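> I'd like to go over a predicted model; first the sequence, then the structure.
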Amino acid sequence: MRSRTFAPRPWAVAHATGMWTRALLLAVGVLLIPRPGTAQQTGPAASGSDADKQTIQMLLQRIERLEARVTQLEGSKTEGARLETASAPAPFATRAAAGPAAGPPEGPQMPSAPPQTQSSEPEQEAANLEPERMDMSKTLLRIRGFGDIDFHGTDQQGSTNSFSLGQLNLFVTSDISEKFKFLSEIVFEAGPDNFYNVPGGNRNQFSVDVERYLLQYSYNDYFNLAFGRYHTAIGFYNTAYHHSTWFQTTTGRPLLFQFEDSGGILPIHNVGVSASGRIPSGGLGLHYVAEIGNGRQSRSPLTEEPVQNEVDENNYKAFNLALFARPESIRGLQFGFSGYHDKLMPMGQPRVDETILAAHVVYMVPKFEWLNELVLVRHAPQGSSQVFNTPGFYSQIAKRFGSYQPYFRYQYINGSDREPIFPDVGRIEGPSVGVRYDASESVAFKAQYDYNIARHLASYNALTLQLGFTF
Amino acid sequence: MVRRNRILALLVAVLLLQARPYGAAGAKPATTPGGENLAIIVNQSNPIDDLSLKELRTVFLGERSHWPNGRRITLVMMDQGLVERNAILRDVCHMSETEFGRHFLQGLFTGEVFVSPKTLSTSIGVRKFVFNVPGAIGYVRASDVDETVKVIRINGHRVDDPEYPLRLEARATK
């Protein structure tokens, strides 16, 4: 009965000479059918002869499609290999004889069965010629959140022990295309934001700041551009931790890297263009950052927004150049320096040239960290021979023992009382000691004690308890 | 009748072959005396043939964002807890799961890592993803490799070499 079913195969007669080749392709075809069992399931139900004929017809069609596909891929492989090997530079070992390579579709696609999802050759060529497309059917936004809740108190006169809400930071990114990405930090924070040290400011009111707002373009490992509002690449800390306390080992930034609206002396934020990337340097792992932007508002009067988001106070643009190395031989080590220059226009005073030099040596591995940074802020009023240098540094060391990470930090800033831009800073220094406990992968509890010594002020003690988290 | 039997025999033979696929480069892979190896796979169009373990680490930690041909690197990781992922974290990244997660989160936060890894749960999914995405790099057991993807050498060693450095199970310390 079954042999009769197979006996009158018209394809076997017609292609007798190539039977084994066809049989092999048939076998492959059977394997590539997504649900091979379906054909068998119909057999018992329908008449055997009809089912076999249908199956054979289906397989023949399948084989023809696969043969056409193989021919097509062989043609596109040669073309793809020629195009890609032409532009392949150094570091990774590449195929010596430019072997066959399939012409790839542009950009990531959803995973699917290999033979069915490769686009045809004309489609691939069209995709390659059309470098950047936005897929409107995808949800592009990704949001990650960071926050902290604190309790702090000092023995300073006039201060009260308080619970306080730290910054609620929404880190929003979007892969716009293969080369472009959007990145932002939207921060909700309580306190007199944007107004430095204003008496009577409403400290309990929440406000919103867009702290970072960047369109990034990534050409390759050696050249990336970012447009918008960024954290200036002065030193290490500013671009390592941004607005998340959860990432930081301690409860807060060093005084040197305090935000502008919290009394910081550095232009932490800038609006402009930043270029960055690796520098071919072998195992030294050199990187560069070059930035040009509006710079910081002159901090005088202190009640104005220090970051010049829309209007620069002068036509001169601030620029910053940073170089740093990450040697391959000592993973976790980074050292480098940066130079920043701007012209400030303080109200009622001559123009001031601002130069900021910074150097850092940092060693960070998962179980140990040692951060050291030194900054010199130099202000030179025009028409005067006087130059005001404000040096500052901090050193922080921490070691992890399981979920616990005790740490120590010493910090120092020394500004002149006659400093034209920040006469209120003076000298402040002191040690901090604390412990971080990671209660889970996303929640950390920190306890930190600070002893602060300030010129013209009585020294004071401070205690901060912090629950930092990411979500 | 004879023809039919031959065809059936052929089908069975092909099925048996399909059950033990060989490496893309025709390599006879997979198991060395120390246990099964982990193959690093890339898209067939990728010109890379060989990576050192150090280079592989920079790729798997997101410190490299582009291949030499300009394609953006898309890293494919398998789900947490799978033995293949554990092997990569142990032998390539030298990190725990928590450290790896934090490393990428911080890299994305600073902007140094351009794209986060894609996470898939099966070797079939990884293969399909790597097949479809020109800049993708992932890993599967050597026995799970097929011709849709390209297996790269590590430190000059093919996946079936005894000196190949990536294995599913940790090497015994001397």
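That came through fine. Residues are numbered from 1 along each chain as shown, chains lettered A, B, ... in the order given.
> helix, strand or coil for A:A240?
Secondary structure, DSSP: H, G, I helix; E, B strand; the rest coil: A:A240 is helix.
> could you check the pLDDT of it?
pLDDT, A:A240: 92.
> what's near enough to touch the closest residue to it other than its chain neighbours?
Counting by Cβ to Cβ, 6 or more residues apart in numbering or on different chains, the nearest residue to A:A240 once its immediate chain neighbours are dropped is B:T110, at 6.3 Å. Where you see a C-beta, it was placed from the backbone N, CA and C, and this is true even at glycine. Neighbouring residues of B:T110 by Cβ atoms under 8 Å, 6 or more residues apart in numbering or on different chains: A:239-240, A:242.
> distance of B:T110 from A:F471?
Note on B:T110: its distance to A:F471, by Cβ to Cβ, to the nearest Å, is 19 Å.
> surely A:P254 touches A:G235?
No: counting by Cβ atoms under 8 Å, A:P254 stays clear of A:G235, with 9.6 Å between them.
> name the residue in those two with the higher neighbour count.
Neighbour totals were compared for A:P254 and A:G235, and A:G235 leads with 29 against 25 (other Cβ atoms under 10 Å in any protein chain shown).
> what sits against that one?
For A:G235, the contacting residues are A:256-257, A:338, A:358-360, A:373, A:375, by Cβ under 8 Å, 6+ apart.
> now swap in B:R90 and tell me
B:A170.
> what's the pLDDT at it?
Note on B:R90: pLDDT of 93.
> that one belongs to a helix?
Yes: using three-state DSSP, the assignment for B:R90 is a helix.
> ok so, going back, can you redo the contacts of B:T110 as TSV with neighbour count?
TSV is the format used below for those (neighbours: other Cβ atoms under 10 Å in any protein chain shown):
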residue	neighbour count
A:T239	20
A:A240	20
A:H242	24
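> what is the nearest of the residues you listed to B:Q106?
Set against B:Q106, the nearest of the contacts of B:T110 by Cβ to Cβ is A:A240 (7.9 Å).
> just the CA atoms of whichever strand or helix holds B:R102, as PDB, please.
Counting by DSSP states H and E, the element that carries B:R102 is helix B:97-110. Provided in PDB are the C-alpha atoms of helix B:97-110 (Å, rounded to 0.1, in the frame of the first residue of the first chain):
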ATOM      1  CA  GLU B  97      27.000  39.100  38.100                       C
ATOM      2  CA  THR B  98      26.400  42.100  40.300                       C
ATOM      3  CA  GLU B  99      29.700  43.700  39.300                       C
ATOM      4  CA  PHE B 100      28.900  43.100  35.600                       C
ATOM      5  CA  GLY B 101      25.500  44.700  36.000                       C
ATOM      6  CA  ARG B 102      26.800  47.700  37.800                       C
ATOM      7  CA  HIS B 103      29.700  48.100  35.300                       C
ATOM      8  CA  PHE B 104      27.300  48.400  32.400                       C
ATOM      9  CA  LEU B 105      24.800  50.600  34.200                       C
ATOM     10  CA  GLN B 106      27.600  53.000  35.100                       C
ATOM     11  CA  GLY B 107      29.000  52.800  31.600                       C
ATOM     12  CA  LEU B 108      25.600  53.700  30.100                       C
ATOM     13  CA  PHE B 109      25.200  56.400  32.700                       C
ATOM     14  CA  THR B 110      28.500  58.100  31.900                       C
END
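> Three-state assignment for the residue in chain B positioned nearest to chain A, please.
Nearest to chain A in chain B, going by Cβ to the nearest Cβ, is B:P134, at a distance of 3.1 Å. Three-state call for B:P134 (three-state DSSP): coil.
> wait, it touches B:N46, no?
Yes: using Cβ under 8 Å, B:P134 makes contact with B:N46 at a distance of 7.0 Å.
> between these two, which contacts overlap?
Residues touching both B:P134 and B:N46 (Cβ under 8 Å, 6+ apart): B:R71.
> sorry, back to before: joint contacts of A:P254 and A:G235?
With Cβ under 8 Å, 6+ apart, A:P254 and A:G235 have common neighbours A:E373.
> still on that earlier bit, check which residues of the helix holding B:R102 are buried.
Counting neighbours by 16 or more other Cβ atoms under 10 Å in any protein chain shown, one finds that the buried residues in helix B:97-110 are B:100, B:102-109.
> any idea which of those residues is closest to A:G383?
For those, the nearest to A:G383 is B:F109 (43.8 Å; Cβ to Cβ).
> contact partners for the closest one?
By Cβ under 8 Å, 6+ apart, the residues touching B:F109 are A:144, A:171, A:242, A:244, A:247.
> near chain B, list only the ones from those.
Restricting the contacts of B:F109 to those adjacent to chain B (criterion: Cβ under 8 Å from any Cβ of the partner chain) gives A:144, A:171, A:242, A:244, A:247.
> need the residues you listed in TSV with secondary structure, can you?
As requested, those are exported to TSV (three-state DSSP):
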residue	secondary structure
A:R144	strand
A:F171	strand
A:H242	coil
A:S244	coil
A:F247	coil
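> identify the residues contacting the closest residue to B:K118 other than its chain neighbours.
Nearest residue to B:K118, sequence neighbours excluded (Cβ to Cβ, 6+ apart): B:V76, at 5.1 Å. For B:V76, the contacting residues are B:117-120, B:126, B:129-130, B:136-139, by Cβ under 8 Å, 6+ apart.
> tell me which helix or strand B:V76 sits in.
In this structure, B:V76 sits in strand B:74-78 according to DSSP H and E.
> average model confidence for that strand?
Confidence over strand B:74-78 (mean pLDDT, whole number) is 94.
> what pairs with that strand, and is each one parallel or antiparallel?
Paired with strand B:74-78 in the same sheet, following DSSP bridges, are strand B:118-120 (parallel), strand B:136-141 (parallel).
> pull the contacting residues for B:A39.
The neighbours of B:A39, taking Cβ under 8 Å, 6+ apart as the test, are B:23, B:29, B:139-142, B:144-145, B:151, B:159, B:166.
> please enumerate the helices of chain B.
Along chain B, the segments classed as helices by DSSP state H run B:2-19, B:53-60, B:83-88, B:97-110, B:123-132.
> so who does the residue nearest the centre of chain B touch?
For chain B, B:Y139 is the residue whose C-alpha lies nearest the centre (Cα atoms, centre = their mean; 1.8 Å). With contact set as Cβ under 8 Å, 6+ apart, B:Y139 has these partners: B:38-41, B:76, B:78, B:84, B:87-88, B:126, B:166.
> again, 6 Å this time
The contact partners of B:Y139, taken as Cβ atoms under 6 Å, 6 or more residues apart in numbering or on different chains, are B:38, B:40, B:84, B:88.
> where does pLDDT dip in chain B?
B:1-34, B:171-174 (pLDDT under 70).
> any low-confidence regions in chain A?
Using pLDDT under 70, the flagged stretches of chain A are A:1-52, A:55, A:68, A:71-139, A:192-203, A:299-304.
> would you mind giving the domain segments of it?
Following automatic domain parsing, one finds the domains of chain A at A:1-85+A:92-131, A:141-470.
> and for the closest residue to chain B within the stretch 201-350 of chain A, the neighbour number?
Nearest residue of the stretch 201-350 of chain A to chain B: A:N220, at 4.5 Å (Cβ to the nearest Cβ). Around A:N220 there are 19 other residues, counting by other Cβ under 10 Å.
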